[in-house]
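Peer 1: Following is a predicted model, sequence given first.
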Amino acid sequence: MNLAETLDRFGRDARLAAAVLRTAPADRRSAAIRAMARRMRERAAEILAANAADVAAAAGMTDRLRLDPERLEGIAAALEQVAGLPDPVGAEMARWQRPNGLDIARVRTPIGVIGMIFESRPNVAADAASICVRSGNALILRGGSDALESCLAIHRAVAAGLEDEGLPAACVQMVPTADRGAVGLMLGGLGGAVDLIIPRGGRALVERVEREARVPVLGHLEGICHTYVHSSADWCMARDIVVNAKMRRVSVCGATETLLIDRDAAPSLLPDLARALGERRCVLRGDEESRALVPGMEPAGEDDWTTEYLAPILSVRIVDGVAGAVDHIARYGSGHTEAIVAEDAEAAAFFLDRVDSAIVMWNASTQFADGGEFGFGAEIGIATGRLHARGPVGPEQLTTFKYVVRGTGQTRA
């Protein structure tokens, strides 16, 4: 395979497919996404066998990689939920009339061709395909080597579903190799075919994409998420939220990586929180004050405050009130998701207003940082930048807009 020629063809085919999708009726695109889900269920044995081969070859981080019948059914069900979402294409965002009689509307329209570069998670291939078809965008996928066989098997089901409903298979294409050269070619824009690049993976991948891309990038950086326990927190609620936020699934980007606890609450709450986490085999790394309250806690170094562990490890710091928590997050956070546990509404309002992350929560686990939990059906990722979208990226976030101006013969003086 000549990689450059293959990717150039992908770009040309994606541009043609994007034109078809942009004008395809909403019900056809919905039917195609449901057909993808149906084909995934029909091909479950093939997908799971491919995934088993990937897992067997993996050197670590297999929780992100592994599929089983329950997880595969969850992926198919998420596709069906995306198919049922309101269609964003053509929706009027605003409409007004000028004194001269011109009628002006701002209307959602697809971005065009999306390039998705991701690592480890095979569900991303299905999620991204459904969201792009829902929003009228063509998609070129490039997955990592560890999930390649899984993603190719999922892509075959996606392509079959598209063709079942009369849409081009090129609406969603998958680079069939883990050759790193494919990343460079996609970052170059494939001769102007690619309108937007979305990276989803570790810091090294995202930094490379942002450094080398010649087209706009919608970034998804690390999930260095924080949960802050205020002095007014209910103990039972704090325990349940902290344990869930860290330990429900340690390998997701919404997992809490740092626990911040109010100095006034630490003596009474921290030992019990540490015990609850320890029962679940979570390793704690704390500052000097935390270690004085919990003998045996490992010391935290400066690097711990900026580490996305994706493992049963939690850094712990005692802070001076809600302002101290906000200051710590501003210094060390990645802009992903932060939560406060508090009964004091004024303290919670201060936290929600002052923390400048994509998602801020009050009395809820950071593990809710997920497009499915937000009602989007699925997500392409959690955007941690400020442009063009922020937080869970669903169909609406993959649209831009145009202005439709209707006149009755007006001319400008």
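Peer 2: Structure received.
Peer 1: Would you confirm that I47 belongs to a helix?
Peer 2: Yes - under DSSP: H, G, I helix; E, B strand; the rest coil, I47 falls within a helix.
Peer 1: Just to check, it is in contact with A153?
Peer 2: Yes - assessed by C-beta atoms under 8 Å, I47 is found in contact with A153 at 4.5 Å. To be clear about C-beta, it is placed using only N, CA and C from the backbone, and glycine gets the same treatment.
Peer 1: Now do the end-to-end distance for stretch 364-372.
Peer 2: 16 Å (C-alpha to C-alpha, to the nearest Å).
Peer 1: do stretch 107-114 as well
Peer 2: 20 Å.
Peer 1: hmm, who's touching that stretch?
Peer 2: Stretch 107-114 has contacts (C-beta atoms under 8 Å, 6 or more residues apart in numbering) with 11, 14-15, 18, 21-22, 88-93, 128, 132, 135-140, 193-198, 396, 398-404.
Peer 1: Nearest residue to L3 in space, please, no chain neighbours.
Peer 2: Nearest non-adjacent residue to L3, counting by C-beta to C-beta, 6 or more residues apart in numbering: G181, 5.3 Å away.
Peer 1: sorry, that was for L16
Peer 2: Per C-beta to C-beta, 6+ apart, closest to L16 is A170, 6.9 Å.
Peer 1: who are the neighbours in contact with that neighbour?
Peer 2: 10, 13-14, 16-17, 138 are the contacts of A170 under C-beta under 8 Å, 6+ apart.
Peer 1: and which of these is nearest to L205?
Peer 2: F10 (19.8 Å; C-beta to C-beta).
Peer 1: and V206, that's in a helix?
Peer 2: Yes - V206: assigned to a helix according to three-state DSSP.
Peer 1: Could you measure from it over to P199?
Peer 2: 5 Å (C-beta to C-beta, to the nearest Å).
Peer 1: Which neighbours do these two have in common?
Peer 2: Common neighbours of V206 and P199 (C-beta under 8 Å, 6+ apart) are 219-220.
Peer 1: Going by how many neighbours each has, rank the two and give me the top one.
Peer 2: P199 (26 against 19; other C-beta atoms under 10 Å).
Peer 1: can I assume L187 is in contact with V209?
Peer 2: Yes - counting by C-beta under 8 Å, V209 is a contact partner of L187 at 6.4 Å.
Peer 1: Quick check on the contacts of stretch 107-114: which are buried?
Peer 2: By neighbour count, with 16 or more other C-beta atoms under 10 Å, the contacts of stretch 107-114 hold 11, 14-15, 18, 21, 88-89, 128, 132, 135-140, 193-198, 396, 398-399 as buried.
Peer 1: The contacts of A170 in strands, which ones?
Peer 2: A138 (DSSP state E).
Peer 1: Take the contacts of A170 and keep only those in helices.
Peer 2: Assigned to helices by DSSP state H, the following of the contacts of A170 qualify: 10, 13-14, 16-17.
Peer 1: Restricted to buried residues, select those residues in PyMOL.
Peer 2: Here is the PyMOL command that picks out the buried ones among these, judged by 16+ other C-beta under 10 Å:
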select buried, resi 10+13+14+17
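Peer 1: could you dump the ones in helices among the contacts of A170 to a markdown table with pLDDT and distance to R39?
Peer 2: Shown next, in a markdown table, are these (pLDDT from 0 to 100; distance: C-beta to C-beta, whole Å):
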| residue | pLDDT | distance to R39 |
| --- | --- | --- |
| F10 | 98 | 21 |
| D13 | 98 | 20 |
| A14 | 98 | 21 |
| L16 | 98 | 23 |
| A17 | 98 | 18 |
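Peer 1: Between the ones in helices among the contacts of A170, which sits nearest R412?
Peer 2: Nearest to R412 among these, with distances taken as C-beta to C-beta, is L16, at 37.0 Å.
Peer 1: hang on, isn't that closest one packed against A169?
Peer 2: No - contact between L16 and A169 fails when scored by C-beta under 8 Å: they sit 11.7 Å apart.
Peer 1: on contacts alone, who are the packing partners of the helix or strand I241 falls within?
Peer 2: Element membership for I241, per DSSP states H and E: helix 235-247. If you count contacts as 3 or more C-beta pairs under 8 Å, 6 or more residues apart in numbering; DSSP states H and E, helix 235-247 packs onto strand 225-229, strand 256-262, helix 266-278, strand 337-341.
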